[in-house]
Structure formats: C-alpha cells, structure tokens
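Enquirer: what would the 3D arrangement of this be:
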Amino acid sequence: MIRILNIAVTLMLNLCVCCSLALATSQEDEIELNSTWQKVKEENGVIVYSHEIEGRDIVKAKVEVLIDVGMEKIKSILDDVSCRRDWVPYLVESRVLKKYSEDEKLEYSLFGAPWPASDRDFVYYRQLLHKDATKIVFTMTFKESELMPQQDGVVRADLIESQYTLTALSSKQTKVELIFYADPKGWLADWIVNIIQEALPFMMLRNLKVTAEGMEK
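Expert: Below is the predicted model of the structure:
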C-alpha cells in the first residue's frame, strides 16, 4: 500500500509545470464554488489553502509565499524555460512550441514518473493577463495542438486552472500566489489526487523561493 501511495504521489507531482495553471472563461462560467478558501498548511513561510468545487471530486488549491526578490526578477524566472527544472519537481523538459507574442505562448512540458507508472505531459496556452508597476497576473490553460500530438506511453494530463499573481510589496519583496487545479488522468483515486493537489503547489513555491533568493546572494 505504501509503494502504491508513493507512486501515486509522484504521478501527481509530475503534473506541475511552472507552474499551473489557467483561467479559461468557459471553465470559469462552468465551475461554481461551494465553500471559501480553507487554510490547510503553513510551513517555512508558505501557506496552503483549498476549497471544494461543486459537482467535482477534486479540490482546488491556492498557495502564497513572500519572496525577498523584486517582482520583475520573479517574473523572469517563471518565464525562463531553461531553468524550470531548478524548481519544478520531476520536470524532464519544458519548451515553447509557438510564440504568438511576448505575452502569449504555446508551451509543452514533460514529467518523469517511476516504473510502472507512465510519464505525464501536457500542452498549455500561457497568457499574460495584467501587468503594471505593482502587479503581474498570468495563466496557463490546457490545450491540444498538432504541434505536439499525444505519444505512446505518455499520459496527457489536464491542467484545468493555473494562475500566478505577483504583487510587489517593495522593490526587493514580492508576494507570489499560485492557484492550481489539475487532473492527472489515469487510475489515481480522487482522495490521493486531493492530497497531492495541495502538496504540489506548496513544493513549487517553496522551491521557487529558494531558487530566487539564492540568485540574489
């Protein structure tokens, strides 16, 4: 049972991409919230919240952290596909498939999984929604594309919603918020998915904080 749980945990961790995830209008209209955000964990300055979605078995997570680095520097780290493996767990590859503009891109990410589980990948549309002197908001939404067809032996997961909000508290401190809602597909039980739904974005922002602050030293 422990081995099965470990494999399940790893599978869900593999869904992360610098991760997240996306705020599609059609999905937003479709999803009704039936509870407020509930705080479930706080560790090393990283706070995790979750809430239930009416009519769905998988919970949505929100994670917040303060990083002692300027907002533009945080954005540059999130934008840089070449360094994502430094802070995204189990990421094997991340690359831009198509660049529509500086603010809109189609990207691909592949995550490794231990045997006998299958690797996970997904294609997602990344869009900058808002940017001013104090706040940056961007989303990533699952999207199929002929530029990256599905591969044998790799499960294409569904990134339902992922949104980053960066808020400048000063020139050297940024509040980072990540909303994360994903379906790994496959055989994972919902209760296992929900455990990792909260753990995965926690790990991402914890690693992002360590990576970003380490670059400033």
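
Enquirer: name the helix or strand for T211, please.
Expert: helix 190-216 (DSSP states H and E).

Enquirer: can you list the helices and strands that that helix packs against?
Expert: The contact analysis (3 or more C-beta pairs under 8 Å, 6 or more residues apart in numbering; DSSP states H and E) places helix 190-216 against helix 2-13, strand 38-43, strand 46-51, strand 60-67, helix 71-79, strand 173-183. In this view, the C-beta of every residue, glycine as well, is placed from N, C-alpha and C.

Enquirer: between the ones you listed, which gets nearest to M215?
Expert: helix 71-79 (7.5 Å; C-beta to C-beta).

Enquirer: the closest one: which residues count as buried?
Expert: Going by neighbour count (16 or more other C-beta atoms under 10 Å), the buried part of helix 71-79 is M71, I74, K75, I77, L78, D79.

Enquirer: low-confidence ranges, this protein, go.
Expert: 1-35 (pLDDT under 70).

Enquirer: looks like F180 contacts A199 (just checking).
Expert: No - taking contacts as C-beta atoms under 8 Å, F180 lies outside contact range of A199: 10.5 Å.

Enquirer: ok, back up a step: the helix holding T211 vs strand 60-67, what angle?
Expert: Angle of helix 190-216 versus strand 60-67, following axes from the mean of the first three to the mean of the last three C-alpha atoms, to 10 degrees, is 20 degrees.

Enquirer: neighbours of Q151, how many?
Expert: 11 (other C-beta atoms under 10 Å).

Enquirer: swap that for L106, sorry
Expert: Other residues within reach of L106, judged by other C-beta under 10 Å, total 17.

Enquirer: the helix or strand where it lies packs against which elements?
Expert: Per DSSP H and E: L106 is located in strand 104-111. When contacts are defined as 3+ C-beta pairs under 8 Å, 6+ apart, strand 104-111 sits against strand 91-101, strand 119-131.

Enquirer: outside of the first one itself, list whatever touches it.
Expert: The contact list for strand 91-101, computed with C-beta atoms under 8 Å, 6 or more residues apart in numbering, reads 16-18, 81, 84-85, 88, 105-112, 119, 123, 145, 147-148.

Enquirer: that one pairs with which strands, parallel or anti?
Expert: Here strand 91-101 has these sheet partners by DSSP bridges: strand 104-111 (antiparallel).

Enquirer: show me the contact partners of the strand it pairs with.
Expert: Outside strand 104-111, the residues within contact range by C-beta under 8 Å, 6+ apart are 13-17, 81, 84, 88, 90-100, 119-128, 140, 143, 145, 147-148, 154.

Enquirer: mind listing what's buried along that strand?
Expert: Buried positions in strand 104-111, judged by neighbour count with 16+ other C-beta under 10 Å: K105, L106, E107, Y108, S109, L110, F111.

Enquirer: what count of nearby residues applies to the nearest residue to N207 once chain neighbours are set aside?
Expert: Residue nearest to N207 in three dimensions, not counting chain neighbours: W87, with 3.8 Å by C-beta to C-beta, 6 or more residues apart in numbering. A count of neighbours around W87, defined by other C-beta under 10 Å, yields 22.
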